[in-house]
Every structure is written in C-alpha cells, then in structure tokens.
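> Structure for the following, please:
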Amino acid sequence: LQPGEGDALSCLFPKHPYHRRVYLHTPADGYRVWKAHVPPLERRGLILCDPPYESDTEFESVIKAYMAHVKRFQTGTVVIWYPIKSGRDTSEFVERMKQVGVSKLLACEVLLRDPEIEPNRLNGSGLLILNPPYLLKDDLDSYAKWLAGALGDGKKWGARGRCWWVTADVHQKWEGVR
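Sure thing, here's the model as predicted:
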C-alpha cells in the first residue's frame, strides 16, 4: 500500500472490535512482511497480496513468496491480485501456481478488452484465491460477469468475467457437499 492509502485504511479499523487482528504494513517490502507475520497465532487468516507488477519478474516473486509461506500457513486463505495485460503471461502464472501443489485454488478474471490486441495495456484483472471459503466460486462468478457487463465495452469486444477451479478435484469434492 502507498502511505496515504494505508493511513486512510488504518483509520477504519480502530472502530472494529477485531482491530488488533488487522495488520496493515506501509510502506514496506510486502514479501518480507508476509513472511514475518505468517502464521498468525490463530492459525487462520486472510492474506491479500497486491503487488505493483512494475517489474517483469513480479509474477515470479509472488510465486516464490507463496512457496516460502505455504508450509507455515496451510490453513490460511491467500488472495493474489494480478493484472491481465497479455493472456499468455497470466495463463503461465496460474499454471505455475497450480504446480506449487495447492489443493484448493480458485481463479476469477474480468476481461474488459481482448488482451491480444493491446498486450501492454491493462485489459482486465484477476484474483487467485488459495484455500477459498466454501461456495465462494458461485458468488464471485456472478460478480465477475456483472462487472464485465457493467465496465466492458461490449461494442468493440465482448467483455467477460468468469471464475473456475484451477485444481479440478476440488470442484468434484465440493459439489457433493451441497
């Protein structure tokens, strides 16, 4: 987070009864902070990873950070935001995260423009959610489709939103629970 954004967000939490459990770190190297505060005492929690993606190696840095933390915090939920510029880059990133060995990995993307037409432009956004809450996929899928319709330019290219299980076995296991 940028310093001003972090300060504004921090002001919201002292009013919350669980404010002592909310950690905001600004400005710092988020990868070091992630490692320093994982796992929390409760052994459960949510990590939101929102890298700047200013360097060509940012996808690799996210993968390394997650790999360093996965054994220490297997019960935690991790949400990783990523930009969609080139479809190829994001497909490779999602596939590499799958190879890390996460058993529950959900992807959600909103594409506003065709990434192959202007691969250097921000054409959409994605979330990778590791260990997501039960039934989150259905809700996010509806929201992603709504966002694509509301924000996309349907005249030039059909914007689209979707969520899918990157790890196929989870879909089959959780479908039987309903």
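
> Point out where the protein drops to low pLDDT.
Low-confidence segments of the chain, defined by pLDDT under 70: 1-3, 6, 10, 13-31, 154-156, 168-178.

> so where does residue 92 fall, helix or strand?
helix 87-99 (DSSP states H and E).

> just checking, what packs against that helix?
Contacts defined by 3 or more Cβ pairs under 8 Å, 6 or more residues apart in numbering; DSSP states H and E place helix 87-99 against helix 58-70, strand 77-84, strand 105-111, strand 124-130. To be clear about C-beta, it is placed using only N, CA and C from the backbone, and glycine gets the same treatment.

> Which one of the ones you listed lies nearest to residue 42?
Closest to residue 42 of those, according to Cβ to Cβ: strand 77-84, at 12.5 Å.

> report the longest helix in the chain, please.
Longest helix in the chain by number of residues, with DSSP state H as the criterion: helix 136-151.

> Enumerate every residue touching the spatially most central residue of the chain.
Nearest to the mean C-alpha position of the chain, by Cα atoms, centre = their mean, lies residue 80 at 2.5 Å. The contact partners of residue 80, taken as Cβ atoms under 8 Å, 6 or more residues apart in numbering, are 49, 62, 66, 97, 127-130.

> And residue 129, by the same measure?
Neighbours of residue 129 in contact, by Cβ under 8 Å, 6+ apart: 77-80, 105-108, 136.

> Among those, pick out the one closest to residue 119, please.
Of all the contacts of residue 129, residue 107 has the smallest distance to residue 119: 19.3 Å, by Cβ to Cβ.

> Dig out what the closest one forms beta bridges with.
Taking DSSP bridges as the rule, residue 107 bridges to residue 128, residue 164.

> Quickly note the distance from it to residue 73.
Taking Cβ to Cβ, to the nearest Å as the measure, residue 107 falls 20 Å from residue 73.

> Repeat that for residue 89.
Applying Cβ to Cβ to residue 89 and residue 73 gives a distance of 27 Å.

> Ok, residue 35 next?
Using Cβ to Cβ, one obtains 10 Å as the distance from residue 35 to residue 73.

> just residue 94 next, same as before
21 Å.

> quick one: contacts for the nearest residue to residue 120 once chain neighbours are set aside?
The shortest distance from residue 120 to any non-neighbouring residue, by Cβ to Cβ, 6 or more residues apart in numbering, is to residue 85 (6.1 Å). Residue 85 makes contact with 115, 119-123, according to Cβ under 8 Å, 6+ apart.
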